[in-house]
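Q: What shape does this take:
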Amino acid sequence: MARSKRYDKPRTILDILRRRAAEEPETNAYRFISESGGELAAITYSDVDRRAAAIGGWLQNRGLAGKPVALIFPPGLDFVAALFGTLYGGAIAVPLDAPGAANPGARLGALLADSNARIMLTTASLVGRISRAIATTPELAVELIAVESVPDEAEAQWQHPGTTTDDLAILQYTSGSTAAPKGVKVRHSNLLHNLELMTRVSGHDRSSIGVSWLPQYHDMGLVGGILLPAYVGFPVILMSPASFLARPVRWLKTISDYGATVSGAPNFAYEHCLRKIREDELPEIDLRSWRAAYCGAEPIRSETVDRFAAMFSRCGFHKTAFFPCYGLAEATLMVTGGPAGAGPCSLHLARTSLHEGRVVESEAGTPDTVEAAASGALITDNDVIIVDPRRRTRCAENHVGEIWVSGPSVAAGYWNRLPETEDTFGACLADGEAGVHFLRTGDLGFIHNRLLFVSGRIKDLIIIRGMNHYPQDIERTVEDSCSALRPGSGAAFSIEVANEERLALAYELRARTVQPVEIDFHAIVRSVAEHHGLEVDCIVLVRHGTIPKTTSGKIRRQECRGRFLAGTLATLHEWRASAGERSGSSITVPSEAVHFDPSRGNSQILPIIIDEVATVLGADPTCIDPRESIYALGFDSLAAARLRSRLLSIFGVELELSDFLAVSTLADLNDRIAARIAAPSTNVTEDRTKHLLERVAQLSDKEAAEILAAEAEQPPR
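A: Numbering: from 1, shown residues only. Now for the predicted structure:
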């Protein structure tokens, strides 16, 4: 087999491995460790090169150059050889997840049919399972080849396939968090650009050492965990995702044992470490070498970052090692990241303004404040802009919009999906330069001080009364309010009830031994109302492991919503506000004319407030505790607006929705009204008109009509 002496600048992924094999053949490139931490296998660059050439030669003999070849492997080094072997053969690698509970045969069959792969490389241990999984799709004509059966002698038959930088290298299927998975056409040029970009911004060099447990078929594990080490020339230790999930201390212990400098994962992995690693395990961990702790693939939680840094500082971990980043398969991998050594960055924002799409900074600890974590800095060569998705115009500064990206890392489109390719990869600004195209990410966010902040997915966005609510924020509130729910295993979504959008929640229980009767629905409802101004209409508890997720662990909220509406969720218990299960009963209190006599003093204010609250909510006034939070009764912005109109009519003082946000209990509201009576505003009519449009803008047409009607009934002041 002909060997290349040196490539000053690689033009394909083949060039990278061939150069390493020529220049440092006996250097250990990849190790795979067992669950106990012992090495199961290790291979040098020369080992990978020879085995890749054998697989490549075998594929060439089968006429598969330029054709898709599916790869399904258990975690291990066989996948590494098969990946490079497919590229050596000039074929297109299609990494897929092995069939199992989270990846049934129907899904695998659909992906194989979509990719048009006619050959699948796997291991002898998986042939039987895969055969059974795809037997339900008899029209598939896929030949399964155990990679062990490919003889080493096929190396002698290998010839350089003449691959160019613009040829396809990988068909990377998306996770499918909001839609059916699609095959992203990743060219060699896309991979090389993204690898160089990651190397530049993260500061990796030949002295780096990597550790990765991320799924090898996923873009973060594939590009960041397998290809990046070969590109830079540093060794990487691979481990099974199941090994990490079962005992997350194994991840940190591996970093410690090998003195690793680079390793990363989504936010949930750091949270998993916090929950599962015991105090008595910390002395065995030394994290002083860890310089780049990637955190991406899902929204980053500042609280998780802070707690992780605090807990593992005792092991030598520095918070500045956190490397926040954002990316997606359609852009090969990384879009924004770092900067290296700067650590995480966050902003405290006014929640109400953020729901309106505006970015307004607020002081930490003040009411209606949310902390937003940055997902990395803007990077040269990647043009990232924030766009109004409806108008297709750039958003004004400090406004939330869709994240659009252009640059050499952006892939060639979707496999066999021309309409979706044109819509997603061919986006143009309405007032932009002709011929300049962007990738529409489908993610919402904003840019502040050249840092990207990601808010959520457009398709997952919950819009109630004209206000935007991000499901992951609501889910975090729910998890914080009830420890019996399984973290990261719930979905918030909207449903239509009586011609209006309402909030629904579906959650797994933390443990199979937890019973639905142990769940404090009252606390969940109160917390969601208090933090988001929303009334929960329905809470569904489902069996452990049944909330639909992607292969990378992201919640499939739209699929969950669809199953809920179809009645196919594995439901254990269902709580509905309409069934009278909220904190107050469902007794209807008739509305009667109420009069306030100032001469009798302020002692009558609180009883009137309680009666009016009962009227608005249809609750029993005897069940209302004035020391309880007003949100415990299920108050949302509409209920507050209705109560405000009734109290204005009775007491003759101006109350804004902000008054309700600023108080904690009905007793506090009593004090605020008493103060307003003692010092009435001189511009009540002007103030009422000024704020009326602001309130109405947040409501649906039906609700706005109700509020306007209530205003019209108020006596002039």
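Q: which stretches of the stretch 1-150 of the chain form strands?
A: 28-33, 39-44, 68-71, 92-95, 119-122, 143-146 (DSSP state E, counting those that start in this stretch).
Q: Got the domain ranges for the protein?
A: Here the domain parsing of the chain from automatic domain parsing is 467-579, 598-712.
Q: Comparing the ones you listed by mean pLDDT, which bottoms out?
A: The minimum mean pLDDT among the domains of the chain belongs to domain 598-712 (a mean of 64).
Q: can I get the strands of the stretch 1-150 of the chain in a markdown table with distance to residue 256, mean neighbour count and mean pLDDT?
A: No exception for glycine: its C-beta is placed from N, CA and C like everyone else's. Formatted as a markdown table, the strands of the stretch 1-150 of the chain follow (distance: least, Cβ to Cβ, whole Å; neighbours: other Cβ atoms under 10 Å; pLDDT from 0 to 100):
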| stretch | distance to residue 256 | mean neighbour count | mean pLDDT |
| --- | --- | --- | --- |
| strand 28-33 | 13 | 21 | 95 |
| strand 39-44 | 15 | 15 | 90 |
| strand 68-71 | 31 | 24 | 97 |
| strand 92-95 | 29 | 26 | 97 |
| strand 119-122 | 33 | 24 | 96 |
| strand 143-146 | 36 | 15 | 94 |
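Q: Which of those strands sits closest to residue 503?
A: With respect to residue 503, and counting by Cβ to Cβ, the nearest of the strands of the stretch 1-150 of the chain is strand 92-95 at 37.2 Å.
Q: other SSEs contacting the closest one?
A: Under the contact criterion of 3 or more Cβ pairs under 8 Å, 6 or more residues apart in numbering; DSSP states H and E, strand 92-95 touches strand 68-71, helix 77-88, strand 168-173.
Q: possible to save these as a markdown table with distance to residue 623?
A: A markdown table is the format used below for the helices and strands packed on strand 92-95 (distance: least, Cβ to Cβ, whole Å):
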| stretch | distance to residue 623 |
| --- | --- |
| strand 68-71 | 61 |
| helix 77-88 | 61 |
| strand 168-173 | 53 |
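Q: Of those, which is nearest residue 290?
A: helix 77-88 (23.3 Å).
Q: Tell me where the stretch 51-200 of the chain has helices.
A: 77-88, 105-115, 124-134, 188-202 (DSSP state H, counting those that start in this stretch).
Q: Give me the contact list for the next helix-or-strand element following the longest one.
A: Looking back up the chat, that one is helix 188-202. Proceeding N to C from helix 188-202, the next assigned helix or strand is strand 210-212, under DSSP states H and E. Applying Cβ atoms under 8 Å, 6 or more residues apart in numbering, the contact partners of strand 210-212 are 221, 224-226, 228-229, 234-239, 251, 254-255, 258, 260-263.
Q: And the residue nearest the centre of the chain, its phi and psi?
A: Nearest residue to the geometric centre of the chain (Cα atoms, centre = their mean): residue 298, 3.2 Å. Main-chain torsions, residue 298, degrees, to the nearest 10: phi -160, psi 160.
Q: Contacts only, for it.
A: With contact taken as Cβ under 8 Å, 6+ apart, residue 298 is in contact with 266-268, 553-554.
Q: for residue 31, same thing?
A: Counting by Cβ under 8 Å, 6+ apart, the residues that residue 31 touches are 39, 41-42, 235-238.
Q: try residue 132
A: By Cβ under 8 Å, 6+ apart, residue 132 lies in contact with residue 105.
Q: returning to what we had before: of the contacts of strand 210-212, grab the buried ones for ChimeraX.
A: A single ChimeraX command selects the buried members of the contacts of strand 210-212 (16 or more other Cβ atoms under 10 Å):
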select :221,224,225,226,228,229,234,235,236,237,238,239,251,254,255,258,260,261,262,263
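Q: Just the ones of the contacts of strand 210-212 in helices?
A: The members of these that map onto helices under DSSP state H are 228-229, 251, 254-255, 258.
Q: could the residues you listed go into a markdown table alongside distance to residue 458?
A: Output for the ones in helices among the contacts of strand 210-212, formatted as a markdown table (distance: Cβ to Cβ, whole Å):
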| residue | distance to residue 458 |
| --- | --- |
| 228 | 30 |
| 229 | 34 |
| 251 | 33 |
| 254 | 37 |
| 255 | 36 |
| 258 | 41 |
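Q: Relative to residue 316, which of these is nearest.
A: Using Cβ to Cβ, the ones in helices among the contacts of strand 210-212 come closest to residue 316 at residue 255, 10.6 Å.
Q: Count the neighbours of the closest residue to that closest one other than its chain neighbours for me.
A: Nearest residue to residue 255, sequence neighbours excluded (Cβ to Cβ, 6 or more residues apart in numbering): residue 211, at 5.2 Å. By the criterion of other Cβ atoms under 10 Å, residue 211 has 27 neighbours.
Q: Who does residue 211 form a beta bridge with?
A: Judged by DSSP bridges, the bridge partners of residue 211 are residue 237.
Q: Identify the spatial nearest neighbour of residue 93, chain neighbours not counted.
A: Residue 93 sits nearest to residue 86 (Cβ to Cβ, 6+ apart), 4.2 Å away.
Q: Same question for residue 307.
A: Using Cβ to Cβ, 6+ apart, the closest residue to residue 307 is residue 274 (5.6 Å).
Q: any idea how far the one you found is from residue 308?
A: Going from residue 274 to residue 308 by Cβ to Cβ, to the nearest Å gives 6 Å.
Q: which of those two has more neighbours?
A: residue 308 (22 against 15).
Q: which strands and helices sit next to the helix or strand hosting residue 672?
A: Per DSSP H and E: residue 672 is located in helix 666-678. Helix 666-678 sits against helix 605-617, helix 637-651, helix 657-662, with contacts defined as 3+ Cβ pairs under 8 Å, 6+ apart.
Q: Could you pull out the buried residues of it?
A: 666-670, 672-674, 676.
Q: got it, and stretch 126-137?
A: Going by neighbour count (16+ other Cβ under 10 Å), the buried part of stretch 126-137 is 126-127, 130, 133-134.
Q: Out of those, which comes closest to residue 560?
A: residue 133 (23.6 Å).
Q: quick one on the thing from earlier: closest to residue 489 out of the strands of the stretch 1-150 of the chain?
A: Evaluated with Cβ to Cβ, the strands of the stretch 1-150 of the chain place strand 92-95 nearest to residue 489, the distance being 25.5 Å.
Q: Dihedrals phi and psi, residue 508?
A: Phi and psi for residue 508, reported as degrees, to the nearest 10, are phi -90, psi 150.
Q: give me every residue that touches it.
A: 485-486, 489-490, 541-547.
Q: swap in residue 389?
A: Residue 389 neighbours (Cβ under 8 Å, 6+ apart): 401-402, 440, 458.
Q: Which of these are buried? Put it as a PyMOL command.
A: Here is the PyMOL command that picks out the buried ones among the contacts of residue 389, judged by 16+ other Cβ under 10 Å:
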select buried, resi 401+402+440+458
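Q: Can you pick out the ones from the contacts of residue 389 that are in strands?
A: Secondary structure defined by DSSP state E assigns 401-402, 440 of the contacts of residue 389 to strands.
Q: List just the nearest of the contacts of residue 31 to residue 372.
A: Once Cβ to Cβ is applied, the member of those that ends up nearest residue 372 is residue 236, at 32.3 Å.
Q: Run through the strands of the stretch 351-500 of the chain in chain order.
A: 369-373, 383-388, 393-394, 401-406, 439-448, 451-457, 462-464, 467-469, 485-497, 500-509.
Q: Tabulate the ones you listed (JSON lines), appending distance to residue 423.
A: Shown next, in JSON lines, are the strands of the stretch 351-500 of the chain (distance: least, Cβ to Cβ, whole Å):
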{"stretch": "strand 369-373", "distance to residue 423": "28"}
{"stretch": "strand 383-388", "distance to residue 423": "14"}
{"stretch": "strand 393-394", "distance to residue 423": "17"}
{"stretch": "strand 401-406", "distance to residue 423": "12"}
{"stretch": "strand 439-448", "distance to residue 423": "7"}
{"stretch": "strand 451-457", "distance to residue 423": "16"}
{"stretch": "strand 462-464", "distance to residue 423": "21"}
{"stretch": "strand 467-469", "distance to residue 423": "22"}
{"stretch": "strand 485-497", "distance to residue 423": "24"}
{"stretch": "strand 500-509", "distance to residue 423": "25"}
